[in-house]
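1. Show me the folded form of this:
(one chain, ligands or ions: 1)
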Amino acid sequence: EKKDGDSTEKMQQICDLLRNTADYYDWVGFYFKNGDKRELKLGPYAGEPTDHTIIPFGKGICGQVAESNQNFVVPDVSAQDNYIACSLTVKSEIVVPLFKNGENIGQIDIDSNTPDPFTEADERFLEFVNQKVAEIL
Ligand code: SME
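-> I've put the predicted structure just below:
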């Protein structure tokens, strides 16, 4: 896939819009497979800067989704042993893989400062967002 300036700008707008629209979306970002490496690289995001710009496959919620190809809803991050903390204020997280031509090429990651806010409606909505993003990649 190609992430030209146009698609990067559009993903940035999506991150900003989502973060500003849902009061429990406190950090919204895209991670993508980093070339041929078994790691994720941070793409556009909205919210506090994170130190975790590279995440190896298998590490944290994001790295697990890179391998499982499944949505991962975490109602309480403190109950997860394989979790990478980006901010002490984060209580919950949702990660939804992004497929292009059937291949898991990345994900959308949302952190929330609210405990257990994510429903199946969030999953369906974020799957839809990722489908639309895949079309511009
Ligand atoms: N919490 C994630 C790391 C990414 S930050 O939330 C931005 C994880 O456990 O993979």
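2. list the buried ones in the helix or strand that contains Leu17?
-> Here Leu17, judged by DSSP states H and E, is contained in helix 5-21. Across helix 5-21, burial judged by 16 or more other Cβ atoms under 10 Å covers 7, 11-12, 14-15, 18-19. Bear in mind the C-beta positions are built from the backbone N, C-alpha and C, glycine included.
3. got a list of contacts for it?
-> 25-30, 43-47, 110, 129, 133, 136-137 (Cβ atoms under 8 Å, 6 or more residues apart in numbering).
4. Using PDB, list the CA coordinates for it.
-> Output of helix 5-21 as PDB, limited to C-alpha atoms (Å, rounded to 0.1, in the frame of the first residue of the first chain):
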ATOM      1  CA  GLY A   5       0.700  12.800   1.800                       C
ATOM      2  CA  ASP A   6      -3.000  12.800   0.900                       C
ATOM      3  CA  SER A   7      -3.900   9.600   2.700                       C
ATOM      4  CA  THR A   8      -1.800  10.600   5.700                       C
ATOM      5  CA  GLU A   9      -3.600  13.900   5.900                       C
ATOM      6  CA  LYS A  10      -7.000  12.200   5.600                       C
ATOM      7  CA  MET A  11      -6.100   9.700   8.400                       C
ATOM      8  CA  GLN A  12      -5.000  12.700  10.600                       C
ATOM      9  CA  GLN A  13      -8.400  14.300  10.000                       C
ATOM     10  CA  ILE A  14     -10.100  11.100  11.000                       C
ATOM     11  CA  CYS A  15      -8.100  10.900  14.200                       C
ATOM     12  CA  ASP A  16      -8.900  14.500  15.100                       C
ATOM     13  CA  LEU A  17     -12.600  14.100  14.200                       C
ATOM     14  CA  LEU A  18     -13.000  10.800  16.200                       C
ATOM     15  CA  ARG A  19     -11.200  12.200  19.300                       C
ATOM     16  CA  ASN A  20     -13.300  15.400  19.200                       C
ATOM     17  CA  THR A  21     -16.600  13.500  18.600                       C
END
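5. Is the ligand within reach of that helix?
-> No - Helix 5-21 stays clear of the ligand (Cβ under 6 Å from any ligand atom), getting no nearer than 11.6 Å.
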